[in-house]
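A.B. asks: Prediction below, plus the sequence it came from.
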Amino acid sequence: MTEKRYWFTPKRYGWGWGWPCAWQGWVVYGVAFVLLVAGPFLFSPFSRPLAFMLYTWAVSLVLVLVCWLKGAPPGWRWGK
């Protein structure tokens, strides 16, 4: 039986994921960062605020979806 390899570790405190633990996770974080930084250049928050907001939400939701699918199971953690 093969062991499932996660791209993202669980957070030590709270709910969600922490830093990546595989190179694929770092690539996902890097692409999301570049897309978020490019957002104001693609959709001006001053002249097209709705497009900018939808773009930012879409990038964020895709990042959460990838973390959900490829990360350790989320759950509330009180620390160790």
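C.D. replies: Alright, I've got the coordinates.
A.B. asks: By residue count, tell me the biggest helix in this structure.
C.D. replies: helix 49-70 (DSSP state H).
A.B. asks: What average pLDDT does stretch 65-80 get?
C.D. replies: Averaged across stretch 65-80, pLDDT comes to 86.
A.B. asks: Pull the contacting residues for the spatially most central residue of the chain.
C.D. replies: Residue closest to the mean C-alpha point of the chain, counted by Cα atoms, centre = their mean, is residue 63 at 3.3 Å. Residues in contact with residue 63, defined by Cβ atoms under 8 Å, 6 or more residues apart in numbering, are 28-29, 32. In short, each C-beta sits where N, CA and C put it, glycine included.
A.B. asks: Chain neighbours aside, what residue packs nearest to residue 15?
C.D. replies: residue 76 (5.1 Å; Cβ to Cβ, 6 or more residues apart in numbering).
A.B. asks: so how far is residue 16 from that neighbour?
C.D. replies: Applying Cβ to Cβ, to the nearest Å, the value for residue 76 to residue 16 is 9 Å.
A.B. asks: Neighbours of the nearest residue to residue 62 once chain neighbours are set aside, how many?
C.D. replies: Once flanking residues are discounted, residue 62 sits nearest to residue 32: 7.6 Å by Cβ to Cβ, 6+ apart. Neighbour count of residue 32, defined by other Cβ atoms under 10 Å: 17.
A.B. asks: How about the contacts made by residue 32?
C.D. replies: Going by Cβ under 8 Å, 6+ apart, residue 32 touches 59-60, 62-63.
A.B. asks: hmm, which of the residues you listed are the buried ones?
C.D. replies: Among these, the ones that count as buried by 16 or more other Cβ atoms under 10 Å are 59, 63.
A.B. asks: ok, of the contacts of residue 32, which one's closest to residue 22?
C.D. replies: residue 63 (15.4 Å; Cβ to Cβ).
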